[in-house]
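S.K.: build the 3D model from these lines:
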Amino acid sequence: MRPRSTAIIIGLAAASLIGAVAVSTGQSGRTTLARGERLVPGLSERLEQVAAIEIATGGATIRLARQGTGWVLPDLAGYPARVEAVRQALVAVAAFETIEPRTRSADLYSRLGLEDPADGRQGTRLTLRDSGGAVLADLVLGKRRSPPAAAGAAPDGQQMIYLRRAGDPQTFLALGAVEIRPTMLEWAERQIANFSLNDLVRIELTPGPDHPAYVMVKAAGAGDLVPEAIPDGKEVKSRFEANAQGRTLEVLQFDQVVRRPATLPAPRAQGVYRYDGGLAVTLQLIEHEGALWATLSAEGEGAETHNTTWRPWLYRLPDWKRDQVTTPLDQILRDKPAG
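M.R.: Have a look, this model is predicted:
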């Protein structure tokens with residue numbers, strides 16, 4: 001065979017390899033997918049059938065379950081998950097398209113981030129199931145890759161990812177990207193309140209058994225909080241420290257959450273935050289299993305919506321948020337300068 005003919009045959013074979021790839025799923029046999037076809041055919045039309053998601057990554061497993069119109073985390077006491085984060089992940093998985101096949105050798109998986117995620121290896125396994133437990137998709141996701149300059153592999157601004165079907169040695173470079181949060185808390189709807197200091201009128205603080213209760217109000221003609229009663233010879237140390245007391249419920253997120261017990265001990269500390277329009281939010285710190293946890297409740301217009309969200313839970317707050325509730329009055333005051 002002449003050299004020119006040999007080169008043409010080799011070129012055609014390479015083009016054929018890129019133009020059609022063989023993949024397999026747990027639900028059907030081996031299917032041939034051409035370049036640009038979906039890695040999980042038909043998933044886009046079946047996203048509403050996805051009832052359970054399992055993410056194995058870093059030696060841990062994160063489970064999400066559909067509940068009504070939302071999603072929950074069964075291993076976090078059934079706490080609500082971030083619905084939009086779940087939706088974006090499902091849509092992204094359904095949109096994966098083949099670009100080209102890569103290695104079938106397990107010895108090379110580590111280069112692509114496609115090792116079995118068991119025992120903390122670097123791959124991430126994503127399994128989608130319907131309400132009957134049937135597998136709708138089962139992928140191992142690896143490293144992301146930006147399209148090479150002028151490669152024509154992906155449209156401008158789109159990402160690529162290495163992946164493989166679980167149980168299938170064939171790996172692929174695919175068009176698309178998915179945001180897989182590596183911890184359970186990152187899937188949780190962690191923000192539990194967001195009330196602005198600008199709308200705050202008054203705070204009634206009981207910082208603890210060893211410190212007297214006190215009240216803070218907005219100063220007349222100003223937007224700053226000040227103690228309602230300041231002892232003689234004292235003044236506010238810093239307007240920023242005083243106003244910090246009113247930011248406790250701004251962008252309030254928890255570090256951990258558990259189901260609220262049927263009975264609770266007396267609170268160790270408490271803050272009542274009163275806002276324009278009459279809404280009052282009470283934050284109590286109670287001792288539970290050797291740590292301080294928070295409960296939230298509301299009164300006034302719109303209170304029941306908040307209470308429905310807060311009532312089932314105990315929240316472990318960041319230290320600095322918790323400390324704002326337990327700050328004694330003398331900590332935000334100082335002696336007035338002489339004269």
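S.K.: where does the stretch 1-150 of the chain dip in pLDDT?
M.R.: Within the stretch 1-150 of the chain, the segments meeting pLDDT under 70 span 1-34, 119-120, 147-150.
S.K.: can you pull out the helices in it?
M.R.: Ranges of helices in the stretch 1-150 of the chain, per DSSP state H, counting those that start in this stretch, are 3-19, 83-95, 109-112.
S.K.: can you read off the backbone torsions of residue 105?
M.R.: Dihedral pair for residue 105: phi -90, psi 120, per degrees, to the nearest 10.
S.K.: not counting its neighbours along the chain, what's nearest it?
M.R.: Nearest residue to residue 105, sequence neighbours excluded (CB to CB, 6 or more residues apart in numbering): residue 169, at 7.6 Å. Just so you know, the C-beta spots here come from the backbone N, C-alpha and C atoms, and that holds for glycine as well.
S.K.: what's the burial count for the one you found?
M.R.: Residues lying near residue 169 (other CB atoms under 10 Å) number 12.
S.K.: contacts only, for it.
M.R.: 104, 105, 106 (CB atoms under 8 Å, 6 or more residues apart in numbering).
S.K.: do the same with residue 307
M.R.: 297, 298.
S.K.: what does residue 217 give?
M.R.: Residue 217 neighbours (CB under 8 Å, 6+ apart): 201, 202, 203, 225, 226, 228.
S.K.: try 7 Å this time
M.R.: Residue 217 sits next to 202, 225, 226, 228 when contact means CB atoms under 7 Å, 6 or more residues apart in numbering.
S.K.: residue 245: which of the residues you listed is nearest?
M.R.: Closest approach between the contacts of residue 217 and residue 245, by CB to CB: residue 225, at 6.1 Å.
S.K.: what is the neighbour count of that closest one?
M.R.: 25.
S.K.: how about residue 161?
M.R.: Residue 161, neighbours per other CB under 10 Å, totals 23.
S.K.: and the helix or strand hosting it, what does it pack onto?
M.R.: According to DSSP states H and E, residue 161 maps onto strand 160-165. Applying 3 or more CB pairs under 7 Å, 6 or more residues apart in numbering; DSSP states H and E, one finds that strand 160-165 contacts strand 135-145, strand 171-175.
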